[in-house]
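Chemist: give the three-dimensional model of this entry:
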Amino acid sequence: MPVEFKTSQQLIDESQGLVHSIAHKIHRRLPPHVNFDDVLSYGQVGIAQAARSFRAGQGTSFATFAYYRIRGAIYDGLAKMSWASRAVYNRVKAEEAAAEVIQESNEQNPASENKQSEAKWLVQTTERLAVSYLASTSRDDSGGAAELVDEKTEAPDEQATKREAVVALNQLMESLVGEDRKLIQLKYFDGLSLTEVADKLGKSKSWASRRHTAILDQMARSLQSVEPF
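Modeler: Take a look at the predicted model:
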């Protein structure tokens with residue numbers, strides 16, 4: 001079947017349900033004084049960016065393509081709001097990084113109908129998310145993951161395990177050299193998106209994406225000794 005090409009405005013108009021759905025899900029996890037309209041407006045920025053950059057016929061539906069950009073735009077907007085405490089800021093950046101990791105995994109190794117391949121994709125993505133989460137939250141002065149007010153506090157043994165994993169991860173990040181170290185520094189300590197990281201390093205977004213996932217995989221293998229990773 002021939003690919004149906006739509007204008008950017010058509011894509012935006014047809015995706016308003018998706019934008020509202022994502023905005024509502026994120027808003028429910030934020031402090032009560034955060035205005036939903038602010039969250040929604042950031043989502044509108046994301047859908048507009050997605051509509052401008054989407055290219056039909058490349059194997060990815062617009063809904064999938066736009067999903068991560070909407071989330072990313074919302075998290076980026078929230079991270080810049082003056083109300084955000086250090087803890088909330090770190091959590092927002094962790095969510096933003098997670099969205100990028102899932103997008104990278106989908107683009108580089110799409111999930112397959114083959115159960116064995118799908119299981120491998122799920123394991124790899126989960127490991128990358130775990131490393132990305134630890135790297136994002138390791139910036140918190142408390143050394144632990146920043147939690148929102150509606151989530152349960154971790155047990156002492158879980159907190160100790162997480163601190164151990166964060167220490168091990170920081171050691172691994174310190175051992176990186178050259179562009180790999182700069183990439184991780186810009187991504188997880190300066191809080192830049194991969195697009196911004198690529199611009200800073202004078203590289204393409206695809207290069208930054210490939211190196212990012214390769215580093216996460218490397219760190220995941222090294223962290224296997226830290227239980228329960």
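Chemist: for the helix or strand that contains residue 17, output the C-alpha coordinates as CSV.
Modeler: Assigned by DSSP states H and E, residue 17 falls within helix 16-27. Provided in CSV are the C-alpha atoms of helix 16-27 (Å, rounded to 0.1, in the frame of the first residue of the first chain):
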residue,chain,number,x,y,z
GLN,A,16,-4.3,15.7,20.3
GLY,A,17,-5.7,12.7,22.2
LEU,A,18,-2.2,11.3,22.6
VAL,A,19,-0.8,14.7,23.8
HIS,A,20,-3.6,15.0,26.4
SER,A,21,-3.2,11.4,27.5
ILE,A,22,0.5,11.7,28.1
ALA,A,23,0.1,15.1,29.8
HIS,A,24,-2.5,13.7,32.2
LYS,A,25,-0.4,10.7,33.1
ILE,A,26,2.6,12.9,33.9
HIS,A,27,0.6,15.5,35.7
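Chemist: and the next element down the chain from it?
Modeler: Counting by DSSP H and E, what follows helix 16-27 is helix 36-53.
Chemist: ok, and what's touching that following helix?
Modeler: 8-9, 11-12, 15-16, 18-20, 22-24, 26-27, 30, 62, 65-66, 69-74, 76-78, 81 (Cβ atoms under 8 Å, 6 or more residues apart in numbering). Placement of C-beta: from N, CA and C, glycine included.
Chemist: could you give the angle of the helix holding residue 17 to helix 36-53?
Modeler: Angle, helix 16-27 to helix 36-53, by axes from the mean of the first three to the mean of the last three Cα atoms, to 10 degrees: 130 degrees.
Chemist: distance from the chain centre to helix 16-27, please.
Modeler: Centre-to-centre, helix 16-27 and its host chain are 17 Å apart (Cα atoms, centre = their mean, to the nearest Å).
Chemist: for that helix, packing partners?
Modeler: Packing partners of helix 16-27 (3 or more Cβ pairs under 8 Å, 6 or more residues apart in numbering; DSSP states H and E): helix 36-53, helix 62-79.
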